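> Mind looking at a prediction? Sequence and model below.
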Number of protein chains: 2
Amino acid sequence: MSGHLTIAGLGPGAEGLIAPEASAALARATDVLGYIPYVRRIAPRPGLTLHETDNREELDRARHAISLAQAGKSVVVVSSGDPGVFAMAAAVFEALEEIAPEDHPEITVIPGITAMLAAAARAGAPLGHDFCAINLSDNLKPAETIRHRIRHAALGGFAIGFYNPRSKARPDGFARALEVLREICEPERIVIFARAVSTPDEAITVTTLAEAREEMADMRTVVLIGNAQTRRVGRWVYTPRSWEQA
Amino acid sequence: MSGHLTIAGLGPGAEGLIAPEASAALARATDVLGYIPYVRRIAPRPGLTLHETDNREELDRARHAISLAQAGKSVVVVSSGDPGVFAMAAAVFEALEEIAPEDHPEITVIPGITAMLAAAARAGAPLGHDFCAINLSDNLKPAETIRHRIRHAALGGFAIGFYNPRSKARPDGFARALEVLREICEPERIVIFARAVSTPDEAITVTTLAEAREEMADMRTVVLIGNAQTRRVGRWVYTPRSWEQA
C-alpha cells in the first residue's frame, strides 16, 4: 500500500478561509498531525487518528508524519495559515534530509491564506506595494540577524509583516523591532496590530509608530508596518500602487 | 437598498484554491468586475452582470465598482491570487479617496492565496524563512526604486518573490533584477521559475542564479529566489527554519 503525505494550511481561523483542496485532503486522511490548537480544528471521525503535539516539537512531528506515510497511511500535517510561511513545510523537508531520496514518500504541499494577508484584508490594503515577512521569534535565528533584516526592510521602503512578535519566553523581541524601526522611519508611520484575525477573538488596532507599544502584541498578533506612503481613507488603511519618489 | 462592495481573490488558478468565502460572495453578487481573464473564470448565471475590462484600467474599474455599490448592487471586484497583493484592493481604496467618507459603500476584502505562496508550495518550502515580495513592473514606480529594493532584499538575506517579471512592454526589467542579484548573491543561489501554477499550463523550473536567463520568465511567471541557505532535498527545494550565521 502506498502512503501519501500532505502538508496543508488551515488559513487564519475561519472555516470559510480554508482552501477546498485542504478540506478534501483532510476528508481523505487516516492521520492528521499538528500543533494542539490546529489539530483541535479538525472534526473527529471514524478511521481518522488525530495526533496532537506541542509547539517546538516540529521536527519530531515531521519525522512521525513521514514514517506514517511510509507505512501506507494517508497523512496530513496541518499548520495555521500557509504551511510554507513559518510553519510545518520546512520542518518536513528538513526531516526528509535524513532519508534516502528513493525512500521519500509521495508529498503534496497545499498552500493557504497566511496570517499577514488575512490581517491586511481586514485593514484594507496595507500590503498593496512591495512587502516583507519577518518572523520575530529568535528561537531559530540570532537576534542580530533579526535586527539586520528589519533595518534592510525599512531602508528598502518595504511594508513589513511581523510574525510571532512576542511571547512569554521572548518578551523583548518586538520592543527591539520597534527600536530599529524608530531609527529609520518617521513617527507617523502606520502600524496595524491584527489579533486572531477571522476568529471570534479578532481585534484590529491601527496606530502609528510613535504610539505603538510592545504590549499591544502577543503570540496571536501579526503586526503590519506600512511603507512611507501608506495612508488612511475613511476607516481603511492602504498603500498606494504608485511609488512617488520623495 | 443598501449595496455592498466585496474585493475578492480567486487564488492562483485552480478551483480548489479559492476560499469558500470568495465563492459565497460570487454566488450572491449582482455584478462582478475585473480584468478579462479573471472575470472569464466566473460562470455566468441569470441576475449576474459580468463586467470585463482591460489591464491598466484598474482605477476606472474601481470607480465603476464603487458607483454600482452606491446604487445598491451587490458587487464583487475580482483579482487573481490575493486582492491585496499587487492587485485590485489598493486601486479601490485609491478611488475611495475621491469620495466623502459618509458616502463610502460598505466594503469587505476577502484574502486569497497569492501566486508566490502557491508557487512555493509546488517547489517545496523555499519561503520557509523571512521573505519579500517585489513587483518588477515599472508602470507605477521608477526602475531605480526597484533596483534599490532588490539590493536591500538581497543584503538583508531575504528569500524573494518577483511578480510580473517580464512583459512585451517591459522586456528588460527581469534582466536588470538578475544583474543586481548577481552583484550580491553567490552563483549557486537557487532560482525557481513557476509559471501558471495550479492551471493546465503549470511549469516549474528549478535552477541557479548562474543559469537563470531572462527568457525563462513571462507575465504568467512568478520567480522565487532562495536565501543563502535554501537547498534541495530529492526533487524538492526548501529554506531551513534555522538561520546559521556564516
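In hand now; what should we look at?
> hey, C-alpha coordinates of stretch A:179-195 in PDB?
Below are the C-alpha coordinates for stretch A:179-195, written out as PDB (Å, rounded to 0.1, in the frame of the first residue of the first chain):
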ATOM      1  CA  GLU A 179      13.500  50.500  18.300                       C
ATOM      2  CA  VAL A 180      15.100  49.600  14.900                       C
ATOM      3  CA  LEU A 181      12.100  51.000  13.100                       C
ATOM      4  CA  ARG A 182      12.200  54.300  15.000                       C
ATOM      5  CA  GLU A 183      15.800  54.800  14.000                       C
ATOM      6  CA  ILE A 184      14.800  54.700  10.300                       C
ATOM      7  CA  CYS A 185      11.100  55.500   9.900                       C
ATOM      8  CA  GLU A 186       9.100  58.700  10.600                       C
ATOM      9  CA  PRO A 187       6.900  58.700  13.800                       C
ATOM     10  CA  GLU A 188       3.700  58.900  11.700                       C
ATOM     11  CA  ARG A 189       4.400  55.600  10.000                       C
ATOM     12  CA  ILE A 190       1.200  53.500  10.200                       C
ATOM     13  CA  VAL A 191       1.300  50.400  12.400                       C
ATOM     14  CA  ILE A 192      -1.500  47.800  12.500                       C
ATOM     15  CA  PHE A 193      -2.000  45.200  15.200                       C
ATOM     16  CA  ALA A 194      -4.100  42.400  14.000                       C
ATOM     17  CA  ARG A 195      -5.000  39.800  16.600                       C
END
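> For it, buried residues please.
Judged by neighbour count using 16 or more other C-beta atoms under 10 Å in any protein chain shown, the buried positions of stretch A:179-195 are A:180, A:181, A:185, A:189, A:190, A:191, A:192, A:193, A:194, A:195. (Glycine included, C-beta is placed from N, CA and C.)
> Can you flag which of those residues belong to strands?
Taking DSSP state E, the ones among the buried residues of stretch A:179-195 that sit in strands are A:190, A:191, A:192, A:193, A:194, A:195.
> Quick check: the two most widely separated of those?
With C-beta to C-beta as the measure, no two of those lie farther apart than A:190 and A:195, at 16.8 Å.
> mind listing the strands in chain A by residue range?
A:4-9, A:31-35, A:49-53, A:74-79, A:106-110, A:124-125, A:131-135, A:159-163, A:190-195, A:203-208, A:221-225, A:231-233, A:236-238.
> Sketch out the low-pLDDT regions of chain A for me.
A:1, A:245-246 (pLDDT under 70).
> Okay, domains of it per the record?
A:4-113, A:116-238 (automatic domain parsing).
> Can you give me the end-to-end span of the first one?
Going back to what we said before, that points to domain A:4-113. The stretch domain A:4-113 measures 23 Å between its terminal residues, going by C-alpha to C-alpha, to the nearest Å.
> How about it and chain B, any contact?
Yes - for domain A:4-113, a contact with chain B is found by C-beta under 8 Å from any C-beta of the partner chain, at A:11-12, A:14-21, A:24, A:58, A:82-86, A:89-94, A:96-97, A:101, A:104, A:107, A:109-113.
> ok, now stretch A:137-151?
Yes - among the residues of stretch A:137-151, A:140, A:141, A:142, A:145, A:148, A:149, A:151 lie within reach of chain B under C-beta under 8 Å from any C-beta.
> ok, and what's touching that stretch?
Stretch A:137-151 is touched from outside by A:56, A:86, A:132, A:134-136, A:160, A:163-164, A:167, A:170, A:173, A:176-177, A:180-181, A:184, B:129-130, B:156-158, B:241-243, B:245, with contacts defined as C-beta atoms under 8 Å, 6 or more residues apart in numbering or on different chains.
> Write the ChimeraX selection for whichever of the residues you listed are buried.
Selecting the buried subset of the contacts of stretch A:137-151 in ChimeraX, with 16+ other C-beta under 10 Å as the burial test, is done by:
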select /A:86,132,134,135,136,160,163,164,167,170,173,176,177,180,181 /B:129,130,156,157,158,241,243
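> quick one: which of the contacts of stretch A:137-151 sit in helices?
Secondary-structure check on those using DSSP state H: residues within helices are A:173, A:176, A:177, A:180, A:181, A:184.
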